[in-house]
Structure formats: C-alpha cells, structure tokens
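K.L.:
Here is my input; please provide its structure:
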Amino acid sequence: MPEGTPHPFERQIHPGSGRRKAPLTPKGRQLEPEALAEVQALLGDRPRRADLLIEHLHLIQDAHGHLSARHLRALSDEMNLPMAAVFEVASFYAHFDIVLDGETPPPPLTIRVCDSITCEMMGAQEILKALPQEVGERVRVLRAPCMGRCASAPVAEVGHRHIEGATTASLAAAAQGDHHAEIPAYKDLEAYGAEGGYALLRACLAGERTSEFLIEALSHAGLRGLGGAGFPTGKKWEIVRSYPGPRLMTINGDEGEPGTFKDRHYLETDPHRFLEGTLIAAWAVGCERCYIYMRDEYPAVLEILRREIARLEAAGLTEHCPLEVRRGAGAYICGEESAMIESIEGKRGLPRHRPPYIAEVGLFGKPTLNQNVETMYWVRDIVEKGADWFAGHGRNGGKGLRSYSVSGRVKSPGVKLAPAGISVKELIEEFCDGMAEGHEFHAYLPGGASGGILPAAMGNEPLEFGALDKFGCFVGSHAVVVLSDKDDVKAAALNLMRFFEDESCGQCTPCRNGTEKAVKLMSNGSWDVDLLEELSQVMRDASICGLGQAAPNPLASVLKYFPEELK
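P.N.:
Numbering: from 1, shown residues only. Next comes the predicted model:
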C-alpha cells in the first residue's frame, strides 16, 4: 500500500485503561514547536493512524535513546490523540524509557542481562552483580526476561547486539564496540526461489490448487498450532473462512515464553519458507492483509523480514495480501493472541474477554486468522511432500514433527527437530548427546515457564499436546529445560514466578496480586503449603487469561512432585 493511502480498516483506536507500574502522567505540558518539528521529521510521510502509535514511539526512542515528555506531547498533537492515551501506551511496554521533566535520561548504552531460568542456571546473577562496576556509570545494566537464545546461556544484549555465552569480561569489551544487531547468513529470496520456493504460492494464485485441498492436506497431516495452544490448523482455517469478509491475518512472533527459541532459529535461517506458508494461508482463507508481530528482542529477525518482504513486494507476490511487520516493545503478555491484537492496534497489550473469539471479531473488529511462525513454516512441505509424509512421524501416540527448544544441563542444547510425542529421556539421549558432564538428570520443564516442572522419574511421558494435562503440566511451545542434581527446583520455581510477576499486565487482581504474593511466600525459605495451594487455585479459577491461569504451574509442581525439597 503506498504511503499516505487511507488504510482500509482505519478508525480511531484509543488505548485501554489497564493498570501498570508507571510514573504519573505529566499534566498541562504545553506543545513546544521545536519538539513538534523533531517528531514531524522522524515520522516523515508515514501515516498518523492511531494503530501506528507504538511504531512511532519506537522511532523517537531509537533516535533519542528515550521518550521525553516534550516529545510525547508533540506526538500526541501530531497524531491527534490525547496525551494520556500516548503516555499510558508508552508506560506499558518495558523497552520504552520515559523521562519526565527533572528526571535524568538513561545512559547512552544499556546492557540487558537475561535472568530467565536457563541463563540464571548458567550464572546470570553473578554477571548482574559484577557488571555495573566493570562498565561504569555511562552504561546502564538491567535484568531482562528471556531473549530466545537459551542454548547459548547466559545471554545479554549490548544495545541491540546479543552476546551469547556472556561473561562479565566479554560484556565489558562489547560495551566498547559495535552495538548494532548482527545479521546472520540466511537463505534469501533468490536462494529460496532457486530451490523451488514460491512455486506452490504461484500455483495457488493461478487457481491450480483450491482452498479445500489445502485445508484437507493440513488436517490429514495433523498440523497444529505450535505457539502453545495446539489447535488444529486446518480446522482453524475453516472456522475463519466461515465468517464474512473482509478478513485479516496475524502472525504471533512474540516468542517470549522462557526457554523458547525455535521461531527465531527458522526466521534467521530460512525465512521465506515461513513467508510462503503465510501468503498461502492468507490466500486459502481470503485474508486481505497480514500483520507480522515480532518481538523487539529479535532485532536481526526484524531487519531480515523488512528486507525480504520488500523483495517479495517487488516480485509481485504480496498483491493478494500485503505483509506488514509490527515491532513489539517488551511485553510477554502480547504472546496471548488478543493482547497481541490490542498491541497491533496501537494500545496496551491487555487480553480481551472472550467470547467473542478473534476468529469472529479480531483485529480492527474483523475475522482474524492468527498463526505461529513454525506452523506456517510447515505448510509448503506438507503440501509438496504429502500429508502422509508429515503424519508418518511421531512416537507414543504423537503425530508429525516438532521443533523442541532444548536448553539446560544437556551436552548439546539447541532446536531439535524430533517426532511429536518423544519423551524427554529419548530427546536427551538421541538428540542432545546426553547430559552435560558431571550432571545427573533430575527434573525438566516440558513447556517453558508456564508448563510446570516434572521429576526425572516421569521422563518417559510423551511430550505431546494433552499428554501431560493429567499431571498439571503441558508442552505448550515445546520449550524443554533440563535440570540436574546440581540445580535447586525451588529456586527454579521462584525464578519462574518472578517472571510472571514482572510480566503480569495488571488488568486482573488474581494475576496482578497473586503473582506478587506468591513471590513473597516463596522467597522466605519456608513455604506455607496450604496458603500457596489456595492462592494457586484462586489464580487458576479467576485470572482473565492464560498468564495468570498458568503462573501457578511451576509452584504446584514443586508442591506435588518434589515434597522432599520443601523440608
């Protein structure tokens, strides 16, 4: 769509009224002509639509290193939005630094050290303690949630450059160098096309395939949503197609579940396999536009997508469904599909009440098909190789192939393409070269932070959707974190609960107050089992979305499966 063209779904969108820890909104600030000119220069000829608010906040933050009150005031005037609306959105997202009058701007460089579970196991806390003295006052050191590089823990981000296997010394050295994202070698449009890429999409656009054929192939293959819920893909396409258009599509690339990094792996190596699958899905369902929501912690992926989508546009392959990349700003809650949609609309990422579901009333009020990156990655292979090829993989009742993000105390962590339903013991021995030297298998997270913790004695259970429900756990995004006899399961559960406390959007009391209370009860060393169990039940029963409902899972797992560690 040419810049400045009226957006087909344009309407005034005002951010919600959710609560988050933030300073008070500045009152009565007068518009400064100089600040307005600076904002106008940054925005250029970009549309001033309300749904682009977060994108425009990124422009200001990238240019100035923070969001000053004067620039926020200027942006509100330029976009014709209330100052309170702009401020409440900017204050919601962790990656925006608001500087009010009289406050000191942050240092020119920020180092974010991941302290999620695998990085903490590998020494992140020691780095966080020692690094500030090494880098001095001109560098800000912050703890940060999972950066999607768990196989190379501990990890930190220096500016926008990620340092894997980080040490205090390597981060101090990196602070003196280039702070821009490093773009890895990947298969671009030319290389992908030379291997038959986009032949299937062209066949669809030429009418050589039908939507019904594609839906039947995906259904027979058993392809499911691979972002956590596991909903059958073919069925989802049918449901969204059943609602009258115009229809939209969203891609949830906000891979924020601690321990998960499979989507980043595919996007940084073979992005067009995902993009072709996305364009095929949009054609099959009749979606008029697709929004790819990508987490801000993946700067290399954001750049790759911008480059390659521009090439697809030049090749005329996106005319039936233009692709638009939207950049997140540091909010785990936006991995929940309705919160992601709120963010794309330029608002706080607060989950919506359901029903209605987004398949009927989604982005901009339109029927919306939402998919995970990996799900779209498999579309071409399933159609070209046949549904039976994909469905033929699997163990222990599982069906298909799955990308397991494996980290922790294994010899060879990483993204492991393995049969669905494989057990964690099989995964460790056959795909990870066994346990790391000097470590004995003790426990594991089958599905990231929210999937619970199980003991090694239950390591033969299938890692498959629904198979672990009876144990109060689930595979979710297939993020497997392996703990050894040298790890403290109670400390792991506390790490996960702190994460949920930090990432609660604050909209509902059971999650907002429940996670905070749980952290306090778990931090005092002697767990009050009865009180923690009661608190967990309240969070499960009364939280609005999956974050609050799943937050007690690691805690409940320790109470149920590791009682000896409570003594």
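K.L.:
in the protein, what spans have low per-residue confidence?
P.N.:
Within the chain, the stretches with pLDDT under 70 are 1-28.
K.L.:
can we see that at 80?
P.N.:
1-29, 525 (pLDDT under 80).
K.L.:
tally of neighbours for residue 365?
P.N.:
Residues contacting residue 365 under the criterion other CB atoms under 10 Å number 13. Glycine gets a C-beta too; all of them are placed from N, C-alpha and C.
K.L.:
before we move on, what about residue 404?
P.N.:
24.
K.L.:
likewise the one 10 residues further on?
P.N.:
A total of 17 residues lie near residue 414 under the criterion other CB under 10 Å.
K.L.:
Same question for residue 457.
P.N.:
10.
K.L.:
Likewise for the one 5 residues further on?
P.N.:
Burial of residue 462, expressed as a neighbour count using other CB under 10 Å, amounts to 22.
K.L.:
That one contacts residue 421, correct?
P.N.:
Yes. At 4.2 Å, residue 462 and residue 421 qualify as touching, with contact defined as CB atoms under 8 Å.
K.L.:
what is in contact with the two at once?
P.N.:
395, 396, 397, 398 (CB atoms under 8 Å, 6 or more residues apart in numbering).
K.L.:
Checking my notes, the third one in a helix, right?
P.N.:
This means residue 397. No. Secondary structure assignment (DSSP: H, G, I helix; E, B strand; the rest coil) places residue 397 in coil, not in a helix.
K.L.:
If we ignore the residues flanking it in sequence, what's nearest it?
P.N.:
residue 421 (5.5 Å; CB to CB, 6 or more residues apart in numbering).
K.L.:
quick one, what contacts the one you found?
P.N.:
Applying CB under 8 Å, 6+ apart, the residues near residue 421 are 394, 395, 396, 397, 398, 399, 462, 463, 464, 467.
K.L.:
quick one on the thing from earlier: now the shared contacts of residue 462 and residue 421 in JSON lines, with neighbour count and distance to residue 359?
P.N.:
Converted to JSON lines, these look like this (neighbours: other CB atoms under 10 Å; distance: CB to CB, whole Å):
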{"residue": "395", "neighbour count": "16", "distance to residue 359": "32"}
{"residue": "396", "neighbour count": "16", "distance to residue 359": "31"}
{"residue": "397", "neighbour count": "11", "distance to residue 359": "28"}
{"residue": "398", "neighbour count": "21", "distance to residue 359": "26"}
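K.L.:
which two in these are spaced the farthest apart?
P.N.:
Spatial extent of these (CB to CB) is set by the pair 395 and 397 at 7.8 Å.
K.L.:
list the residues that contact both of the two?
P.N.:
With CB under 8 Å, 6+ apart, residue 395 and residue 397 have common neighbours 421, 462.
K.L.:
What segments of the stretch 301-450 of the chain are strands?
P.N.:
323-327, 368-372, 401-408, 414-419, 441-445 (DSSP state E, counting those that start in this stretch).
K.L.:
still on that earlier bit, would JSON lines of the contacts of residue 421 with distance to residue 76 be doable?
P.N.:
JSON lines is the format used below for those (distance: CB to CB, whole Å):
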{"residue": "394", "distance to residue 76": "53"}
{"residue": "395", "distance to residue 76": "56"}
{"residue": "396", "distance to residue 76": "56"}
{"residue": "397", "distance to residue 76": "55"}
{"residue": "398", "distance to residue 76": "51"}
{"residue": "399", "distance to residue 76": "51"}
{"residue": "462", "distance to residue 76": "53"}
{"residue": "463", "distance to residue 76": "48"}
{"residue": "464", "distance to residue 76": "49"}
{"residue": "467", "distance to residue 76": "50"}
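K.L.:
quick check, nearest of these to residue 134?
P.N.:
The closest of the contacts of residue 421, once distances to residue 134 are taken by CB to CB, is residue 463, at 40.3 Å.
K.L.:
Secondary structure element holding residue 203?
P.N.:
helix 199-205 (DSSP states H and E).
K.L.:
Distance from the chain centre to the next helix or strand after that helix, please.
P.N.:
Downstream of helix 199-205, the first helix or strand assigned by DSSP H and E is helix 211-221. Computed by CA atoms, centre = their mean, to the nearest Å, the separation of helix 211-221 from the middle of its chain amounts to 27 Å.
K.L.:
And helix 211-221, what does it pack against?
P.N.:
Packed against helix 211-221, as judged by 3 or more CB pairs under 8 Å, 6 or more residues apart in numbering; DSSP states H and E, are the following elements: helix 233-241, helix 271-285, helix 379-385, helix 387-391.
K.L.:
between those, which one is nearest to residue 96?
P.N.:
It's helix 271-285; of those, that one is closest to residue 96 (CB to CB) at 27.0 Å.
K.L.:
so how far is the closest one off the chain centroid?
P.N.:
20 Å.
K.L.:
Check stretch 362-377 too.
P.N.:
14 Å.
K.L.:
Contacts for stretch 61-72, please.
P.N.:
26, 29, 32, 35, 38-39, 42, 57, 60, 83, 86-87, 90, 95-101, 105-106, 108.
K.L.:
So how do I select the buried members of those residues in PyMOL?
P.N.:
With 16 or more other CB atoms under 10 Å as the criterion, this PyMOL line picks the buried residues out of those:
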select buried, resi 26+29+35+38+39+42+57+60+83+86+87+90+95+96+97+98+99
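K.L.:
Give me the subset of the contacts of stretch 61-72 lying in strands.
P.N.:
Judged by DSSP state E, the contacts of stretch 61-72 include 98, 99 as members of strands.
K.L.:
would you say residue 157 is within a strand?
P.N.:
Yes. Residue 157 sits within a strand when classified using three-state DSSP.
K.L.:
Distance-wise, check it relative to residue 349.
P.N.:
Note on residue 157: its distance to residue 349, by CB to CB, to the nearest Å, is 21 Å.
K.L.:
Between the two, which is the more surrounded one?
P.N.:
Comparing residue 157 with residue 349 by other CB under 10 Å, the one with more neighbours is residue 349, at 32 against 24.
K.L.:
how about the more buried one, what does it touch?
P.N.:
By CB under 8 Å, 6+ apart, the neighbours of residue 349 are 92, 93, 331, 333, 334, 336, 339, 340, 342, 343, 505.
K.L.:
and which of these is nearest to residue 355?
P.N.:
Among the contacts of residue 349, and counting by CB to CB, the member closest to residue 355 is residue 336, at 15.3 Å.
K.L.:
How much space separates that closest one from residue 295?
P.N.:
13 Å.
K.L.:
and those two? which has more neighbours close in?
P.N.:
When residue 336 and residue 295 are compared for neighbours, residue 295 comes out ahead with 27 against 23, by other CB under 10 Å.
K.L.:
quick one: that one and residue 256 touch, right?
P.N.:
Yes. With contact defined as CB under 8 Å, residue 295 reaches residue 256; the gap is 6.1 Å.
K.L.:
coming back round to it: any chance of the shared contacts of residue 462 and residue 421 in a markdown table, with distance to residue 196 too?
P.N.:
Shown next, in a markdown table, are the shared contacts of residue 462 and residue 421 (distance: CB to CB, whole Å):
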| residue | distance to residue 196 |
| --- | --- |
| 395 | 30 |
| 396 | 34 |
| 397 | 33 |
| 398 | 29 |
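K.L.:
just those residues now: which is nearest residue 565?
P.N.:
Of all the shared contacts of residue 462 and residue 421, residue 396 has the smallest distance to residue 565: 28.3 Å, by CB to CB.
K.L.:
Surely the closest one touches residue 466?
P.N.:
No. Residue 396 lies out of contact with residue 466 (CB under 8 Å); the separation is 12.0 Å.
K.L.:
I appreciate the help and will end here.
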